[in-house]
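Asks: task: produce atomic coordinates for the following.
(chains A and B)
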Amino acid sequence: MDEFNDNEITKLLRLKRYEQPTPGYFENFLHEFHRRQRDELLRQPLWRICVDRARDFALSFNLSTLTSYPAAVTAVLVCAAVISLRIYEAPQPATVAAKDRPVLVVPASTEPEWTLASPVATRVFNTRSLRNIKESAQTHRSATPRYVLDSVPVSYETTFKF
Amino acid sequence: MDEPRKDEDQQLVARTQEGDASAFDQLVVKYTPRLYGLVYNMTSNHEDTNDLLQDIFSKAYKAIRGFRGKSSFYTWIHSIAVNMTLNFLKKRGRRFQLSLDDVDASIQNDKEFLEATASTSPVREADLSELQKRLNEAMMKLSDEHRAVVTMFHIQGMPHAEISKILRVSEGTVRSRLFYANRQLQNYLDEFRKNPVT
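Replies: Here you go, the predicted model:
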């Protein structure tokens, strides 16, 4: 019995070229394609349509050349951010002094009750809680204490001219 | 692929990219019969072929704006078709139904067909339709990749170089797949000739 050789198989396979769909299939294919496109468009949510349009718009440019520019700009921005952070990253010097500053607390209970029997003129303030000279000097650090009268330095008092 | 057809395709692609949908319609009309043969011989099912063809052209239409013409449109659309069909076949698995009823019955009256069969001795001896059925079954026993190569080379008449571009494999791979597939088909058909009833 004969056996199939390569040539015979090739001829037999080429016969499959004649296998065609039902008549009219190719004529209707384009209509079916349009119908499916419309259906697909109607089924899509709005955001998807917007994304597709944006993508199509982006693809209309030559992306391979355009992508180099954003990459370069991003690299420059990152470098600038790192440099600026290092420049402004200076130590904070006055924070220790501010922390150690004594808090002025005036307990309300230490003051005597105001009565008509103790007029204002004779009232003695409790100065214990206020800062003493030593503490005040500490706040001025090494500077020599200045004497202030009525919030105006003595040396700044205008001389009286008659 | 001849140059005038390539130029014509390029013009139609350019018009489509500019928004002329009728240009893409012309591409669809032009390539549907050829792609039908490719997909049908890989799936052996008319309904699957129809759905796949619609999906292939739909995908091509969406992607055509990104087509830069590095390859011809012919190669590009065939690549889409083969890849989508291979993906479909992987999802479908080994279950398949042959829809040989879709084969045009007038094939046996075709002049070229009669000439081809007249010179083929095993075909003369065997019932032709039965042999075609066995051939389809043998085709479906091939792996998807081998069937794709057999379809493009033997049925579609593509050269090795074109197939290698479409599948993105070397020409050597194409040739070896063809050799292996031919051996397998030969074995299946010989078996049928020895045991025609099975």
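Asks: rest of the way, CA atoms for contacts and neighbours
Replies: Fine.
Asks: what pLDDT does the residue nearest the centre of chain B get?
Replies: Chain B has residue B:38 as the residue nearest its centroid, 1.7 Å off, counting by C-alpha atoms, centre = their mean. pLDDT recorded at residue B:38 is 94.
Asks: same check, this time on the one 3 residues further on
Replies: Per-residue confidence for residue B:41 comes out at a pLDDT of 91.
Asks: right, and it touches residue B:153 too?
Replies: No. Using C-alpha atoms under 8 Å, residue B:41 is not in contact with residue B:153, being 11.8 Å away.
Asks: okay, now the domains of chain A?
Replies: Here the domain parsing of chain A from automatic domain parsing is A:6-87, A:95-156.
Asks: the first one: end-to-end distance?
Replies: Domain A:6-87 stretches 79 Å from its first residue to its last (C-alpha to C-alpha, to the nearest Å).
Asks: for the residue nearest to the centre of chain B, give its distance to chain A.
Replies: 9 Å (C-alpha to the nearest C-alpha, to the nearest Å).
Asks: least reliable of the domains of chain A going by mean pLDDT?
Replies: domain A:95-156 - the lowest mean pLDDT of these, at a mean of 55.
Asks: let me see the contact set for residue B:148.
Replies: For residue B:148, the contacting residues are B:38, B:42, B:82, by C-alpha atoms under 8 Å, 6 or more residues apart in numbering or on different chains.
Asks: continuing past the helix or strand of chain B with the lowest mean pLDDT, what's the next helix or strand?
Replies: One helix or strand of chain B scores below all others by mean pLDDT, DSSP states H and E: helix B:121-125, with a mean of 50. Proceeding N to C from helix B:121-125, the next assigned helix or strand is helix B:128-141, under DSSP states H and E.
Asks: average model confidence for that following helix?
Replies: Here the average pLDDT along helix B:128-141 is 82.
Asks: next, the buried residues of it.
Replies: B:131, B:132, B:134, B:135, B:136, B:137, B:138, B:139, B:140, B:141 (16 or more other C-alpha atoms under 10 Å in any protein chain shown).
Asks: now residue B:13: how far from residue A:32?
Replies: Counting by C-alpha to C-alpha, the gap from residue B:13 to residue A:32 is 21 Å.
Asks: hang on, I meant residue B:9
Replies: Residue B:9 is 22 Å from residue A:32, by C-alpha to C-alpha.
Asks: between the two, who's got more neighbours?
Replies: residue B:9 (20 against 14; other C-alpha atoms under 10 Å in any protein chain shown).
Asks: among the contacts of residue B:148, which ones are in helices?
Replies: B:38, B:42, B:82 (DSSP state H).
Asks: low-confidence stretches in chain B?
Replies: B:1-5, B:94-128, B:196-198 (pLDDT under 70).
Asks: domains of it?
Replies: B:1-98, B:109-198.
Asks: ok, which of those comes nearest residue A:73?
Replies: domain B:1-98 (25.1 Å; C-alpha to C-alpha).
Asks: any idea how many residues pack against residue 42?
Replies: No chain specified, so I'll use chain A. Using other C-alpha under 10 Å: residue A:42 sits among 11 other residues.
Asks: the intended chain is chain B.
Replies: 27.
Asks: ok, now the one 4 residues further on?
Replies: Residue B:46 is flanked by 23 other residues according to other C-alpha under 10 Å.
Asks: isn't it right up against residue B:40?
Replies: Yes. Using C-alpha under 8 Å, residue B:46 is in contact with residue B:40, at 6.5 Å.
Asks: what sits closest to the residue nearest to the centre of chain B if chain neighbours are left out?
Replies: Using C-alpha to C-alpha, 6 or more residues apart in numbering or on different chains and skipping residues adjacent in sequence, the residue nearest residue B:38 is residue B:151, 6.4 Å away.
Asks: which residues touch that neighbour?
Replies: B:38, B:41, B:42 are the contacts of residue B:151 under C-alpha under 8 Å, 6+ apart.
Asks: can you classify residue B:69 as helix, strand or coil?
Replies: Following DSSP: H, G, I helix; E, B strand; the rest coil, residue B:69 is assigned to coil.
Asks: who touches the closest residue to it other than its chain neighbours in this structure?
Replies: The shortest distance from residue B:69 to any residue other than its chain neighbours is 7.8 Å, reached at residue B:10 (C-alpha to C-alpha, 6+ apart). Contacts for residue B:10 (C-alpha under 8 Å, 6+ apart) come out as B:69, B:72, B:73.
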